[in-house]
Each structure stands twice: as structure tokens, then as C-alpha cells.
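Visitor: Sharing a model that was predicted from the sequence below.
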Amino acid sequence: MECTIQNEWNGAPIAHEPVTICLKPAPGGLQMDVSAPFFNDPPAPSGPVGEPFEALWDYEVVEAFFLNSEKEQYLEVELGPHGHHLVLLLSQRRNIWKECLPLFFQASISQGTWKGRALIPWEYFPPSVDQFNAYAIHGSGLKRTYEALYPIPEKEVQEGQKPDFHRLEYFKPFNFKALMGEERKEPASSLWKV
């Protein structure tokens with residue numbers, strides 16, 4: 001499955017090469033490949049490369065959200081061009097109950113583009129994921145730009161409204177069986193036994 005982020009959070013078209021996310025099966029989980037323009041704004045986080053970095057959303061980042069819409073349980077995976085990542089498990093909107101989970105993630109920067117590859121373990125996914133959205137953020141101050149795969153429709157944006165990536169009602173259907181094959185059995189996750 002490949003998706004391309006072509007709009008800002010409010011539906012306005014972007015003015016640069018789009019971020020592309022590719023999801024595919026991998027041993028033990030889901031591989032997430034990112035190809036994105038490299039803005040280098042803001043500069044790299046100060047934390048060690050390869051480790052989780054709290055509040056990575058304040059930096060240049062690409063994010064993927066996997067949602068069980070019935071229970072409002074979701075996985076948020078954030079990847080940065082400098083090799084930092086952040087994995088959050090949320091139960092109900094914005095309610096983080098596990099964070100900074102380990103993740104195999106590698107990133108490289110070359111000629112104005114960055115590429116990243118992460119392996120998301122099956123146990124990180126809530127049961128019965130049925131919706132998805134993805135985002136990209138870059139820039140500082142007034143140049144901060146928030147982009148969404150499935151943005152809020154322009155006609156629904158209200159004056160003065162700010163970007164909010166936890167508007168679960170704008171996520172779109174996601175079918176793991178179409179991605180993984182009809183014979184896929186959903187692995188049990190010890191993390192989501194709450």
C-alpha cells in the first residue's frame with residue numbers, strides 16, 4: 001500500500017514534492033517506508049539517534065496513525081529524518097497510555113530528500129484496526145506546515161481553527177487483510193490487554 005500526502009491539514013494543496021509512505025508485510029510486523037523532502041527546519045532533536053524522542057511532533061516528522069474506530073484505540077508512529085522516532089499507544093482521543101516504545105528505524109538524508117524504514121511490531125497495533133491517517137510536519141514559527149493524507153474537508157474548516165491530528169472522524173477505512181492477504185490471522189497483543 002502506498003499513499004502520498006498532497007494536502008495541508010485543511011485541504012489546501014502543498015507546494016513541494018509530496019511525502020510518500022509505503023506499508024508492506026514484513027517478518028514480525030509491518031514495514032513502513034518513508035520518502036520525503038528534507039527541509040532541515042527545525043534542526044535535529046538533541047536526543048540520541050535511534051532512540052525514542054518525546055515530543056518529536058515539534059520537529060520535522062512523518063506520522064502514521066492506525067485506529068480501531070469502535071474502541072477509539074490507536075497506534076501513532078512518528079519518524080524523523082535524523083533517525084529519531086516516537087511510538088505512542090492511545091486509548092480514546094489524545095489519551096496516551098504507553099509511549100516511547102522501542103522501534104527498529106533507520107533514516108538517511110541525501111540531496112534534499114530523506115528516506116526512512118521502520119519495522120512496526122504486530123503487538124503495537126490495537127486489535128481490529130479499521131481506519132488510518134498519515135501526516136507530515138515541518139517548518140518553524142509562522143512557516144510551520146501541517147500536512148494530512150486525509151485532511152479536514154475545506155468546507156468544514158472553521159475560522160481560526162488549528163491543525164489537530166487527533167480528529168479521528170476524518171480517518172479513512174484501512175483493511176489489513178487487503179494489505180497482508182485474506183489468510184492473515186490477527187496476532188494477539190499483550191500490550192492491548194487493558
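Guide: Okay, I see it. Note that the coordinates shown come from a computational prediction; the quantities given were computed from them, not determined experimentally. Residues are numbered from 1 along each chain as shown.
Visitor: Check the gap between the closest residue to residue 23 other than its chain neighbours and residue 69 for me.
Guide: Among residues not flanking residue 23 along the chain, residue 1 sits closest, at 4.6 Å (CB to CB, 6 or more residues apart in numbering). Using the backbone N, CA and C atoms, a C-beta is placed for each residue, glycine as well. Taken as CB to CB, to the nearest Å, the spacing of residue 1 relative to residue 69 amounts to 18 Å.
Visitor: What of residue 130?
Guide: For residue 130, the distance to residue 69 - CB to CB - is 6 Å.
Visitor: Alpha carbons only: can I get stretch 78-86 in PDB?
Guide: Extracted C-alpha coordinates of stretch 78-86, given in PDB (Å, rounded to 0.1, in the frame of the first residue of the first chain):
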ATOM      1  CA  GLU A  78       6.300   9.200  14.300                       C
ATOM      2  CA  LEU A  79       9.500   9.100  12.200                       C
ATOM      3  CA  GLY A  80      12.100  11.900  11.800                       C
ATOM      4  CA  PRO A  81      14.700  12.400   9.100                       C
ATOM      5  CA  HIS A  82      17.600  12.400  11.600                       C
ATOM      6  CA  GLY A  83      16.800   8.900  12.900                       C
ATOM      7  CA  HIS A  84      14.600   9.700  15.900                       C
ATOM      8  CA  HIS A  85      11.200   8.000  16.400                       C
ATOM      9  CA  LEU A  86       8.300   8.100  18.800                       C
END
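Visitor: what does it rub up against?
Guide: Contacting residues not belonging to stretch 78-86 are listed as 32, 34, 36, 38, 40, 44-45, 47, 49-57, 59-63, 76-77, 87-88, 99-100, 103, 105-107, 109, 114, 116, 118 [CB atoms under 8 Å, 6 or more residues apart in numbering].
Visitor: Which stretches in the protein count as strands?
Guide: 2-5, 7-8, 19-26, 29-37, 61-68, 73-79, 85-91, 96-99, 104-110, 113-121, 131-138, 145-148, 172-173 (DSSP state E).
Visitor: How far does the helix-or-strand element of the chain with minimal mean pLDDT sit from its chain's centre?
Guide: Taking mean pLDDT, DSSP states H and E as the measure, helix 176-180 is the helix or strand of the chain with the lowest mean score, a mean of 79. If you compare the mean C-alpha spot of helix 176-180 with that of the full chain, they lie 18 Å apart, counting by CA atoms, centre = their mean, to the nearest Å.
Visitor: What are the buried residues along stretch 108-118?
Guide: Using 16 or more other CB atoms under 10 Å as the burial criterion, the residues of stretch 108-118 that qualify are 114-118.
Visitor: One more: stretch 6-15?
Guide: Within stretch 6-15, the residues scored as buried using 16+ other CB under 10 Å are 7-10.
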